[in-house]
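Novice: could you look at this predicted model? Sequence included:
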Amino acid sequence: MEPLFLGTHTPRLDEKGRLFLPARFRDDLADGLVMTKGQDGCVTVWPVEQFRRVADSMAQQVFTDRQRRTVQRLLMADATSEVPDRQGRITVPPVLRAHAGLERDVAVVGANKRLEIWDLARWEAFQAESADDFERLAEEVLPGLL
């Protein structure tokens with residue numbers, strides 16, 4: 001069964017850029033994960049098998065399409081694979097920390113088949129900005145699902 005990532009957790013990055021994965025996510029990421037730049041200023045974390053499916057799907061797209069080529073390059077260029085250590089820690093590389101503005105306080109957000117790592121203040125601002133749009137967006141994006 002594929003993992004389902006839910007909830008928001010607030011670990012801290014240490015001085016080496018490491019964070020403890022929330023305990024509830026560790027088993028699903030124990031075999032490895034891929035981190036890369038995410039949308040809206042976060043770092044996206046995929047279980048390695050899920051990322052392979054995404055990469056395989058991207059590889060099937062027409063390479064002559066400039067937009068698809070650009071997205072694929074940018075997504076893969078800063079991607080890194082890692083296996084959490086015995087304590088459940090991962091290291092977020094400097095290029096990804098810079099992309100997401102990660103310094104100390106972070107939010108690890110369950111986002112269905114992936115996780116997102118946000119700077120905590122940026123995550124809280126995103127939530128505040130998006131709260132009023134939730135019902136309208138749900139009606140447009142999720143008709144018949146909820």
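Specialist: In hand now; what should we look at?
Novice: any stretches of the protein with poor pLDDT?
Specialist: Residue ranges of the chain with pLDDT under 70: 142-146.
Novice: ranges for the helices of it?
Specialist: Per DSSP state H, the chain carries helices over the ranges 23-29, 48-59, 66-77, 94-100, 120-130, 134-141.
Novice: let's have these in CSV, adding mean neighbour count.
Specialist: C-beta: built from backbone N, CA, C; applies to glycine. Shown next, in CSV, are the helices of the chain (neighbours: other CB atoms under 10 Å):
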stretch, mean neighbour count
helix 23-29, 15
helix 48-59, 14
helix 66-77, 12
helix 94-100, 16
helix 120-130, 14
helix 134-141, 10
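Novice: mind putting these in TSV, distance to residue 109 included?
Specialist: Shown next, in TSV, are these (distance: least, CB to CB, whole Å):
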stretch	distance to residue 109
helix 23-29	11
helix 48-59	16
helix 66-77	19
helix 94-100	12
helix 120-130	7
helix 134-141	15
